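Enquirer: show me how the following folds:
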Amino acid sequence: MNRSDRFEESTELPQYHKRAFAHNYKAPFIYHLIFKKCEDCELFGTVRGDARIAPGLPGGAYIEESVLGRVIAKEIIDLPKRFPVFQNYQFKVMPDHVHLLLRVRDWLEFHLDYYMEDLVNVIANSFSRLKGSKIRTEAIFQPGYCDKPLLLKRSLDGLFQYIRENPHRLAIRQQYPQFFQRIRKLRIGDAEYEAYGNLFLFRNPDKEAVKISSKFTSEEIDQKKSAWRYGASKGTILVSPFISKAEKNIRTECESLGGKIILITHEAFGECFKPAAHDFKLCSEGRLLIISLGLPLKTPLSRVICNEMNTLALTICNQA
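Expert: Numbers count the residues shown, from 1 in each chain. Okay, here's the model as predicted:
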């Protein structure tokens, strides 16, 4: 069996692979690829700069690449020289992983895996020559890589920004770790939950649950909205799953007033969980704590789950 056949016939994919099984990996496309560092390998770089400075401004966060990080960067830059079918849109070498936004300009002769394996092997060989000893690919990268085809619903500009601002987000997490705490067993009442964010919000006694019931009159709803907005502007922590459109609007209004949120969700946090862009920004400002029921990922919402989340919000507010 030759090298290219192996990729076509193999059904055993490394754990870190993310595969769109209906996708043709020889077709022209744009991919967001992520290569993760082997656990025992040296860091690819170190974050420098001040997280308080906005991304792209002088003094802001950046990655100072290690010797290995510079080798990785050089070989990524040279990838289109070896295979002109590729175009590098953007890449970023991070301390423990690498982002690559790659365009496949024309039909590939082999599966994308063939070329990505070639890339990591070239990196290992280049680093071996530099160090004067043989270094295996497996000693640098975890097996496989993560690929995310750029589907229509994903924004290319959004990916450019996400990759470009990776050092800033890492600097925030490193310089303000208290805003990104992850607790696997947070006891509330008689049960334990997962939590992520600023745990000090949970310990703040000034908390109020947000829930709009269909039983409320329009006058009651207006009164409650006014009270929640006032409380948020004065430091009261609003606690809710924010399920309905009206509750989501309350959250948006109160955040605009500088409000702090404890968000109740039902799905468990994945192993590499990080909040989405909006929630990440709130975390970086110390204004968000997410508490999860810990149900399996992709569990559909039901009336029972919604009631459980709203009950938990009340319990949190009644627990000093």
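
Enquirer: other SSEs contacting the longest helix seen in the chain?
Expert: Counting residues, the longest helix found in the chain (DSSP state H) is helix 112-131. If you count contacts as 3 or more CB pairs under 8 Å, 6 or more residues apart in numbering; DSSP states H and E, helix 112-131 packs onto helix 3-9, strand 29-36, helix 67-82. For every residue, glycine as well, the C-beta is placed using N, CA and C.

Enquirer: and the very next helix or strand once past that helix, what's buried?
Expert: The helix or strand immediately downstream of helix 112-131 is strand 146-149, counting by DSSP states H and E. By 16 or more other CB atoms under 10 Å, the buried positions in strand 146-149 come out as C146, D147, P149.

Enquirer: ok, back up a step: in JSON lines: the helices and strands packed on helix 112-131, plus mean neighbour count, distance to V93 and mean pLDDT.
Expert: Output for the helices and strands packed on helix 112-131, formatted as JSON lines (neighbours: other CB atoms under 10 Å; distance: least, CB to CB, whole Å; pLDDT from 0 to 100):
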{"stretch": "helix 3-9", "mean neighbour count": "12", "distance to V93": "26", "mean pLDDT": "36"}
{"stretch": "strand 29-36", "mean neighbour count": "20", "distance to V93": "10", "mean pLDDT": "93"}
{"stretch": "helix 67-82", "mean neighbour count": "18", "distance to V93": "5", "mean pLDDT": "98"}
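
Enquirer: which residues does the residue lying closest to I30 once chain neighbours are set aside contact?
Expert: With sequence-adjacent residues excluded and distances taken as CB to CB, 6 or more residues apart in numbering, I30 is closest to L150, at 4.0 Å. Listed by CB atoms under 8 Å, 6 or more residues apart in numbering, the contact set of L150 reads F29, I30, Y31, H32, L156, L159.

Enquirer: pretty sure the third one contacts Y145?
Expert: So the one you mean is Y31. No. Contact criterion CB atoms under 8 Å: Y31 and Y145 do not qualify, at 9.8 Å.

Enquirer: and the residue nearest to I30, how far is that from H168?
Expert: Distance from L150 to H168, counting by CB to CB, to the nearest Å: 22 Å.

Enquirer: what sits closest to the residue most central in space within the chain if chain neighbours are left out?
Expert: Centroid check for the chain by CA atoms, centre = their mean gives K274 as the closest residue, at 3.9 Å. Nearest non-adjacent residue to K274, counting by CB to CB, 6+ apart: F280, 6.7 Å away.

Enquirer: part of a helix, is that neighbour?
Expert: Yes. Assessed by DSSP: H, G, I helix; E, B strand; the rest coil, F280 belongs to a helix.

Enquirer: just the local confidence number for it, please.
Expert: Predicted confidence (pLDDT) at F280: the value is 92.

Enquirer: my guess is it contacts R169. True?
Expert: Yes. Counting by CB under 8 Å, F280 does reach R169; the two are 6.5 Å apart.

Enquirer: tell me what the residue nearest to L289 when sequence neighbours are not counted is bridged to.
Expert: Among residues not flanking L289 along the chain, G197 sits closest, at 3.9 Å (CB to CB, 6+ apart). Beta-bridge pairing of G197 under DSSP bridges involves Q181, L289.

Enquirer: could you do Q90 as well?
Expert: L101.

Enquirer: what about it, neighbour count?
Expert: 16 (other CB atoms under 10 Å).

Enquirer: surely it and Y162 touch.
Expert: No. With contact defined as CB under 8 Å, Q90 does not count as touching Y162 (9.7 Å).

Enquirer: low-confidence regions, the protein specifically.
Expert: 1-21, 152-154, 320 (pLDDT under 70).

Enquirer: which residue, other than its chain neighbours, is closest to R182?
Expert: Closest residue in space to R182, ignoring its immediate chain neighbours: Y196 at 5.1 Å, by CB to CB, 6+ apart.

Enquirer: wait, what's in contact with the one you found?
Expert: F180, Q181, R182, I183, F269, F273, P275, C283, L289, I290, S292.

Enquirer: now, of those residues, which are buried?
Expert: For those, buried by 16+ other CB under 10 Å: F180, Q181, I183, F269, P275, C283, L289, I290, S292.

Enquirer: can you redo the residues you listed as a markdown table with distance to S218?
Expert: A markdown table is the format used below for the buried ones among the contacts of Y196 (distance: CB to CB, whole Å):
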| residue | distance to S218 |
| --- | --- |
| F180 | 40 |
| Q181 | 40 |
| I183 | 39 |
| F269 | 38 |
| P275 | 34 |
| C283 | 35 |
| L289 | 31 |
| I290 | 31 |
| S292 | 33 |
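
Enquirer: I'm done for today, thanks for sticking with me.
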